[in-house]
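Next come a sequence and a model predicted from it.
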Amino acid sequence: MKSFALLRSIRVRSTQREITGPLQSRFFQPDFVPADPKAKPKKYKLPASYDPYGPRPPPSEKIIKLADKIASLPPEERMQIGPTLRLKLCHPSMQSMSVDGVGLGTQGGSGAGSAKAEEKVEKTSFDIKLEKFEAASKIKVIKEVRTFTSLGLKEAKDIVEKVPVVIKQGVTKEEANDIIEKIKAAGGVAVME
């Protein structure tokens, strides 16, 4: 019986511990009164636009004068501001991305109609690919590759030995035909892609 009473007193003391220190908050204080459950919740009005950086100070007088000067410039000079600032501030220029081969889906109209419109667009830049060459005319082909690629002897030799390989990219149709004829005269076979 004594052991039961002792055990009971230990249990009572452990549940009546007082919470102090950093864990103490308004919920553990004895005078805490919960909010009225029948009270209406507060409605907060959201701003028309959200700025994650908070309100900004108004621009200085110097900035306002600079903006007025820029606005008064002719359009040709305004177009030069971006590149000039990029150069002065050492920002990298934006690289244009090629979207060739990327399926963008149909944009306005049926798929068949837009596919026909894409086929009618004529290709303006071509790649020249060296397919093969005669073993006896290897040196002539290397010299010919050097003339229109401005490569050194070793680089041109390495490229020629890796046939089939693209030797020049982004050339016009006339230039590509001229290069193909020169390689053919030297003893190689090149095609336009």
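Noted; the coordinates are in hand.

where's residue 55 relative to residue 49, distance?
Residue 55 sits 12 Å away from residue 49, going by Cβ to Cβ, to the nearest Å. From N, CA and C alone the C-beta is placed, and that goes for glycine too.

Check residue 123 too.
Residue 123 is 46 Å from residue 49, by Cβ to Cβ.

Neighbour count: these two, which is higher?
residue 123 (8 against 5; other Cβ atoms under 10 Å).

mind checking the SS state of the more buried one?
coil (DSSP: H, G, I helix; E, B strand; the rest coil).

likewise the one 4 residues further on?
At residue 127 the chain is in strand, as set by three-state DSSP.

Quick check: it touching residue 166?
Yes - the pair residue 127 / residue 166 is scored as a contact, 5.1 Å apart, by Cβ atoms under 8 Å.

what do those two both touch?
residue 193 (Cβ atoms under 8 Å, 6 or more residues apart in numbering).

Flag the shaky bits of this protein, pLDDT-wise.
The chain contains residues with pLDDT under 70 at 1-33, 93-121.

can you rerun that using 90?
Applying pLDDT under 90 to the chain flags residues 1-59, 75-76, 78-193.

And the helix or strand where residue 66 lies, what's buried?
For residue 66, the enclosing helix or strand under DSSP states H and E is helix 61-72. In terms of neighbour count (16 or more other Cβ atoms under 10 Å), helix 61-72 has no buried residues at all.

Determine the set of other helices and strands touching it.
The helices and strands touching helix 61-72, judged by 3 or more Cβ pairs under 8 Å, 6 or more residues apart in numbering; DSSP states H and E, number zero.

I'd assumed residue 128 was in contact with residue 171.
Yes - here residue 171 reaches residue 128: they are 6.6 Å apart, a contact under Cβ under 8 Å.

Between the two, tell me which one has more neighbours.
The residue with more neighbours, out of residue 171 and residue 128, is residue 128; 23 against 17, by other Cβ under 10 Å.

I figured the more buried one hits residue 189, correct?
No - applying Cβ under 8 Å as the test, residue 128 and residue 189 come out as separate, 11.3 Å apart.

Determine the three-state secondary structure at residue 53.
Residue 53 is classified as coil under three-state DSSP.
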